[in-house]
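>>> here is a sequence together with a model predicted from it:
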Amino acid sequence: MPNIVLLAVAAIVALMFAGEPFSIQAAENPALNAEILQLSREWERVKFQVINRNEQEKRMAVLAQKAKDIAQRYQNRPEAMIWIGITIGEQASMALENGSPIKALRLATSAQDILEKV
């Protein structure tokens with residue numbers, strides 16, 4: 001997986017496990033903050049609580065679509081675009097673990113393209 005995707009995911013995970021992770025505001029828009037917080041909680045649940053790898057990958061695809069919907073509602077705000085990259089990058093990782101290297105490469109490239117534009 002491209003290094004930029006790994007770094008983005010690592011940064012989000014680090015923030016989630018920091019002393020007060022929810023004191024960090026994504027944007028000055030409270031509605032956007034709430035949606036991103038919900039998305040991050042769903043990402044955490046899928047990543048750490050769903051055991052079945054195929055189910056993880058399916059649920060991460062749903063989260064990626066939710067991130068796209070949020071970005072569309074908020075006119076491609078960077079805070080939302082980053083979450084598209086994170087969820088697609090996570091899908092890439094899961095696809096690779098599930099034995100789909102071509103799919104993983106396609107997803108990783110997509111995530112990298114999104115994150116490079118932010």
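Perfect, thanks for sending it.
>>> secondary structure class for Gln75?
The three-state label given to Gln75 by DSSP: H, G, I helix; E, B strand; the rest coil is coil.
>>> neighbours of it, how many?
Gln75 is flanked by 7 other residues according to other Cβ atoms under 10 Å. Every C-beta, even on glycine, is put in place using the N, C-alpha and C of the backbone.
>>> what of Gln91?
For Gln91, the count of nearby residues is 25 (other Cβ under 10 Å).
>>> next one: the strand or helix carrying it to chain centre, how far?
Using DSSP states H and E, Gln91 maps to helix 78-97. Between the centre of helix 78-97 and the centre of its chain there are 4 Å (Cα atoms, centre = their mean, to the nearest Å).
>>> list the buried residues in it.
Of the residues in helix 78-97, 79-96 count as buried by neighbour count, 16 or more other Cβ atoms under 10 Å.
>>> likewise stretch 96-112?
Those would be 96, 103-104, 107-108, 110-112, for stretch 96-112 by 16+ other Cβ under 10 Å.
>>> nearest to Met60, of those?
Using Cβ to Cβ, the shortest approach to Met60 within the buried residues of stretch 96-112 belongs to Leu107, at 9.7 Å.
>>> you'd agree the closest one is up against Ile88?
Yes. Leu107 sits in contact with Ile88 when judged by Cβ atoms under 8 Å, with a separation of 5.5 Å.
>>> give the next helix or strand downstream of the helix holding Gln91.
Per DSSP H and E, the helix or strand that comes after helix 78-97 is helix 101-117.
>>> helices or strands up against that next one?
helix 3-17, helix 78-97 (3 or more Cβ pairs under 8 Å, 6 or more residues apart in numbering; DSSP states H and E).
>>> could you report the separation of Lys103 from Glu90?
To Glu90, Lys103 is 13 Å away according to Cβ to Cβ, to the nearest Å.
>>> ok, Ile36 next?
Applying Cβ to Cβ, the value for Ile36 to Glu90 is 15 Å.
>>> beyond the lowest-mean-pLDDT helix or strand in the chain, next helix or strand please.
Least confident helix or strand, the chain: helix 3-17 with a mean of 53, by mean pLDDT, DSSP states H and E. Using DSSP H and E, the helix or strand that follows helix 3-17 towards the C-terminus is helix 30-49.
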